[in-house]
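Asker: what's the 3D shape of this:
(2 chains)
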2 protein chains.
Amino acid sequence: MLKKAYLNDKPDKETLKARLKEQADLLFVNQNRIKEKHLPVVVLVEGWGTAGKGTLIGKVINNIDPRFYKVATFDMPTELEKRYPFLYRYFEALPEAGKFRFYNTGWMNEVVMSRLNGTMSDSEYEKTIDSIRRFERQLTDNGYLVLKFFMHISKDEQKKRIENLDKDIDTKWRISDGDIWQNKHYKKCEDIFEKYLEDTDNSAAPWYIVDAKSEKWTLLQVFERMNEGIDIALQNSSLAVPLLQNTFPLQKMPKLSEVSLEGKELTDEEYKEKLDELQARLSDLHNRLYRKRVPLIIAYEGWDAAGKGGNIKRIAEALDPRGYEVHPIASPEPHEKSRHYLWRFWTRLPKDGHVAIFDRTWYGRVMVERIEGFCSENDWKRAYNEINEFEKELDNWGAVIIKFWVQIDKDTQLARFTDRQNTPEKQWKITDEDWRNREKWDVYEEAIDEMIAKTSTKFAPWYILESVDKKYARVKALQIIIDALEKKLK
Amino acid sequence: MLKKAYLNDKPDKETLKARLKEQADLLFVNQNRIKEKHLPVVVLVEGWGTAGKGTLIGKVINNIDPRFYKVATFDMPTELEKRYPFLYRYFEALPEAGKFRFYNTGWMNEVVMSRLNGTMSDSEYEKTIDSIRRFERQLTDNGYLVLKFFMHISKDEQKKRIENLDKDIDTKWRISDGDIWQNKHYKKCEDIFEKYLEDTDNSAAPWYIVDAKSEKWTLLQVFERMNEGIDIALQNSSLAVPLLQNTFPLQKMPKLSEVSLEGKELTDEEYKEKLDELQARLSDLHNRLYRKRVPLIIAYEGWDAAGKGGNIKRIAEALDPRGYEVHPIASPEPHEKSRHYLWRFWTRLPKDGHVAIFDRTWYGRVMVERIEGFCSENDWKRAYNEINEFEKELDNWGAVIIKFWVQIDKDTQLARFTDRQNTPEKQWKITDEDWRNREKWDVYEEAIDEMIAKTSTKFAPWYILESVDKKYARVKALQIIIDALEKKLK
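Answerer: Numbers count the residues shown, from 1 in each chain, chains lettered A, B, ... in the order given. Alright, predicted model coming up:
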């Protein structure tokens, strides 16, 4: 792929100047089109040391209104950053709709550096490449324009630049040990770069190999790609994206109507005894989890008034408050809405060794957003796959993922709604919306059945908690969490 | 990827039976939906020797109406097949809309066998993988469902099968030398298979690794994937597909309005002299082309009455009739229309060493089909990229590709139309449609400018033939062809 850089013909000086002017003007127009059409643009700039990545970004942003862009600079991850999934910090940095985000090196740099310093095994590399492919595809599928530039210079050119920088006291500091090392091991680096570029080249977010020998010519290449990319992305922005076949093996799950709720109950004594025992065990496991740095993610979904809150409370009671967080999920805030719909969950992930409990989750995409029309049909249909991929990332990271559906029947819900309505101190718990949702029970049930059928992967299974008797559901939830943790920690 | 096979849980005998029945019924329903919705389905079956590829296909088609499917069996290419581009025979075998085509091994087998017997170098392999990725993406982008199965068995299982077949005189013949070799070099094969599977796994046409240990379980896995795939493809069938960024470097070309037609003329004497000389040289080059087995593809597009026919005639006169073919391209026949729009051009490619001259071409997609609305806006916008990819295949194959735009101005066209109308023996050459097209000159010109700007790659450049003086255009065409051939053959 690196050879591609030299396939572009550098124009003569006059033409270069004219085309640069033309492209700069076009970019100026395009930033407004981006803003208007709410297109988010990711610009990833990677390349050889001394190729001029920073300089390039500086020149490009000179042509963009400062309100419309941000630059994120990434180094190798810190100890803290290493405690999150690989993609966490790149996901977190995603631009809002209508804005540019420049990544002054990004996920490529992290991977190739880890390869070069020998800290990433072959199998880890393969896994990471899969993650990156899915990440970039999810971005483009969700309407992001992803522009990937690799700034290429030859070994000789790099050597010359290092020598020139070295001559002057004012520029000497700009040479890093890494640059010198790269130049010494140019061939080795080139092989690793080349492989990465090939492994992650894809038609929706292709690599552009920039011939970075001269600054103006570099800028022109990048301008032209950016303007072309924006043009195409704007044409695509109204299109629905094809659904993908699922590639994760799924477990067969019952439909909700097939789940028997009868006899799923405990006496008060049974409950108290079990609760004490299980909470003690969970508490102990939490310590081991912490020591072994295993992240735990518990996702709660369920009917209104099914008893999610009380269930979560019994789990939380067993946990050290310094090591867990409960995230109640309501409708997204504007800054969340203007990003990938999984962004607000990615950014709420726990550090390793910690627990995150989600009271309602990313599954809102295929339930409330589907039913209320908050996203397009294509969006929610695509989401099954995207969610499986998201959970696969968590699995790759080493997380234990447990998803609960808290199940009651329609009569039980009615009884609890009525009780809430009639009990002054519970009235805040019941709203008109709950009643409206209740009327849509059947469409919800259909959506839930589809959701459970399509997202019950081995690495992130759904569990049904029969919760007509809340005590039973609580004990069952504790038991499932304990079993999963014991399996992981043994 | 091969590990994935064992991630699917084989159900118990009873469940297996029930699910098989359910899936077979569903497939029966689905074949009619396919027919109705004109969905073409490619089913590629690859896998280990003795894994049961043929048996599987036999069992699947038992559940499909014979009018709806065909099975294509591919071996390593014959000497004749090797004279066409790699993808030629696979493209040729594509199913019509509404039908299944089973590939009893296909392009994977050809590649991995070439790797195993050492006839394909690393760089050739990389190129071929690129071709395959583009091929499969073009299929899914153009509404094909592409299902790819790899039937996986372990080394021990394969050994056992070979031994069992060997015991019986009636089945002994079914063991090939290849099967025995594979089993002896199982690890080596596995590495090559694994790499290929990873290199060609993509989200729109993912690989399904089938655990092929037992026949019924194999069939169930395939049924389930097929039904799921059909379901998704039918949901996608009404969607437009995102446009892609172009990744082939383009040459800057003038707009038609910037092409000066003045002074582009020859006297009769100049013409005669040049024509004789150039035709003789071309004739000579045709022989060398033939000996060196270089394919030559000449594409003619141009305004009505621009002089395409006469121009082609002067080229053809210089060629040995056994070594060239002229393809006049009219609107597609029904059997052509029901396949990928490039199918009728793929299947008209010359053998190597031969010449194909296309009088109108695949560029109809972005001219007449665009302007008359014979395809969707998304279709023609996507086509620039697809056409560049098609021509890249021809380039990889070693072809010389020359594309001529035969240019005249509007007044010249009027004069020639009028002359045709007024000259009895020329009247067949002019139709009402020509006059109607003339009225659309401006929209055509816009489309042509865009076409030339977006498809002038280095490997398949456009040349403008100024043809107010037809003699000039003929001599220029000859000269361009000669230059290109001399460059290639030197």
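
Asker: these two touch, right, A:N63 and A:A24?
Answerer: Yes - the pair A:N63 / A:A24 is scored as a contact, 5.1 Å apart, by C-beta atoms under 8 Å. (Each C-beta comes from the backbone N, C-alpha and C, glycine too.)

Asker: Next up, the contacts around A:A306.
Answerer: A:A306 makes contact with A:V406, A:Q407, A:I408, A:Q413, A:S467, according to C-beta atoms under 8 Å, 6 or more residues apart in numbering or on different chains.

Asker: and the gap between it and A:A484?
Answerer: Using C-beta to C-beta, to the nearest Å, A:A306 is found at 21 Å from A:A484.

Asker: Likewise for A:N287?
Answerer: 16 Å.

Asker: the more surrounded of those two?
Answerer: Using other C-beta atoms under 10 Å in any protein chain shown, the more surrounded residue of A:N287 and A:A484 is A:A484, with 18 against 13.

Asker: and the residue nearest to the more buried one when sequence neighbours are not counted, backbone torsions?
Answerer: Once flanking residues are discounted, A:A484 sits nearest to A:V400: 5.3 Å by C-beta to C-beta, 6 or more residues apart in numbering or on different chains. When quoted as degrees, to the nearest 10, the phi and psi of A:V400 stand at phi -90, psi 130.

Asker: I'd like the distance between A:V400 and chain B.
Answerer: Going from A:V400 to chain B by C-beta to the nearest C-beta, to the nearest Å gives 18 Å.

Asker: Chain B contacts on the stretch 1-150 of chain A?
Answerer: Residues of the stretch 1-150 of chain A lying near chain B by C-beta under 8 Å from any C-beta of the partner chain: A:K4, A:L7, A:N8, A:D9, A:P11, A:E126, A:R133, A:R134, A:R137, A:T140.

Asker: Where does pLDDT dip in the stretch 1-150 of chain A?
Answerer: Low-confidence segments of the stretch 1-150 of chain A (pLDDT under 70): A:5-8.

Asker: Which residue ranges of it form strands?
Answerer: Applying DSSP state E, counting those that start in this stretch to the stretch 1-150 of chain A gives strands spanning A:41-47, A:69-73, A:100-104, A:145-152.

Asker: count of neighbours near the residue nearest to A:S214 when sequence neighbours are not counted?
Answerer: Leaving aside its chain neighbours, A:S214 sits nearest to A:K10 (7.6 Å; criterion: C-beta to C-beta, 6+ apart). The local packing of A:K10 (other C-beta under 10 Å) involves 15 other residues.

Asker: Surely A:K10 touches A:D211?
Answerer: Yes - in this structure A:K10 lies within contact range of A:D211 using C-beta under 8 Å: 7.1 Å.

Asker: Overlap in contacts, the two.
Answerer: Contacts common to A:K10 and A:D211, judged by C-beta under 8 Å, 6+ apart, are A:W217.

Asker: Report the rounded mean pLDDT for stretch A:384-392.
Answerer: Per-region confidence: stretch A:384-392 scores 96 on mean pLDDT.

Asker: Now do the contacts for the residue nearest to A:A484.
Answerer: A:V294, A:P295, A:L296, A:I297, A:A484, A:L485, A:K488.

Asker: Could you tell me the phi and psi values at the third one?
Answerer: Dihedral pair for A:L296: phi -120, psi 130, per degrees, to the nearest 10.

Asker: Let's see the pLDDT reported for the residue nearest to A:A484.
Answerer: Taking A:V400 on its own, its pLDDT is 98.

Asker: Okay, and the beta partners of it?
Answerer: Applying DSSP bridges to A:V400 gives these bridge partners: A:L296.

Asker: Help me confirm that A:E325 is found in a strand?
Answerer: Yes - the assignment for A:E325 (DSSP: H, G, I helix; E, B strand; the rest coil) places it in a strand.

Asker: re the thing from before, what's the farthest-apart pair in the residues of the stretch 1-150 of chain A next to chain B?
Answerer: Pairwise distances across the residues of the stretch 1-150 of chain A next to chain B peak at 40.9 Å for A:P11 and A:E126 (criterion: C-beta to C-beta).

Asker: Not counting sequence-adjacent ones, nearest residue to the residue in the stretch 251-400 of chain A that chain B sits nearest to?
Answerer: The minimum distance from the stretch 251-400 of chain A to chain B, using C-beta to the nearest C-beta, falls at A:K381 (6.7 Å). For A:K381, ignoring the flanking residues on the chain, the nearest one in space by C-beta to C-beta, 6+ apart is A:L243 at 5.3 Å.

Asker: and the one you found, what does it touch?
Answerer: A:N378, A:K381, A:R382, A:N385, B:I232, B:Q235, B:N236.

Asker: Filter the residues of the stretch 1-150 of chain A next to chain B down to the ones in helices?
Answerer: A:E126, A:R133, A:R134, A:R137, A:T140 (DSSP state H).

Asker: quick one: the third one and A:G49, what's the gap?
Answerer: To A:G49, A:R134 is 29 Å away according to C-beta to C-beta.

Asker: ok, back up a step: looking at the contacts of A:A306, which are in helices?
Answerer: A:Q413.

Asker: Tell me the one of the contacts of A:A306 nearest B:G98?
Answerer: The closest of these, once distances to B:G98 are taken by C-beta to C-beta, is A:Q407, at 42.6 Å.

Asker: Residues in a beta bridge with that closest one, which ones?
Answerer: Assigned bridge partners for A:Q407, using DSSP bridges, are A:E466.

Asker: Does it touch A:D469 like I think?
Answerer: No - between A:Q407 and A:D469 no contact is recorded; they are 11.6 Å apart, counting by C-beta under 8 Å.

Asker: returning to what we had before: among the ones in helices among the residues of the stretch 1-150 of chain A next to chain B, which one has the most neighbours?
Answerer: A:R137 (22 neighbours).

Asker: residues contacting it?
Answerer: Per C-beta under 8 Å, 6+ apart, neighbours of A:R137: A:N202, A:A204, A:A205, B:S203.

Asker: can you tell me which two in those are farthest apart?
Answerer: So, the contacts of A:R137 by C-beta to C-beta: farthest apart are A:A205 and B:S203, at 12.5 Å.

Asker: which one of the two has more residues nearby?
Answerer: Counted by other C-beta under 10 Å, A:A205 and B:S203 do not tie: A:A205 has more neighbours, with 23 against 19.

Asker: now the more buried one: how far from chain B?
Answerer: 8 Å.

Asker: doesn't that residue fall inside a helix?
Answerer: No - using three-state DSSP, the secondary structure at A:A205 is coil, not a helix.

Asker: Apart from its neighbours in sequence, what residue is nearest it?
Answerer: Nearest to A:A205 is A:V146, by C-beta to C-beta, 6+ apart, at 3.9 Å.

Asker: Go through the helix or strand encompassing A:D284 and flag the buried ones.
Answerer: Here A:D284 is covered by helix A:268-292, with elements defined by DSSP states H and E. Neighbour-count burial for helix A:268-292, counted by 16 or more other C-beta atoms under 10 Å in any protein chain shown, picks out A:Y271, A:K274, A:L275, A:L278, A:Q279, A:R281, A:L282, A:L285, A:H286, A:L289, A:Y290.
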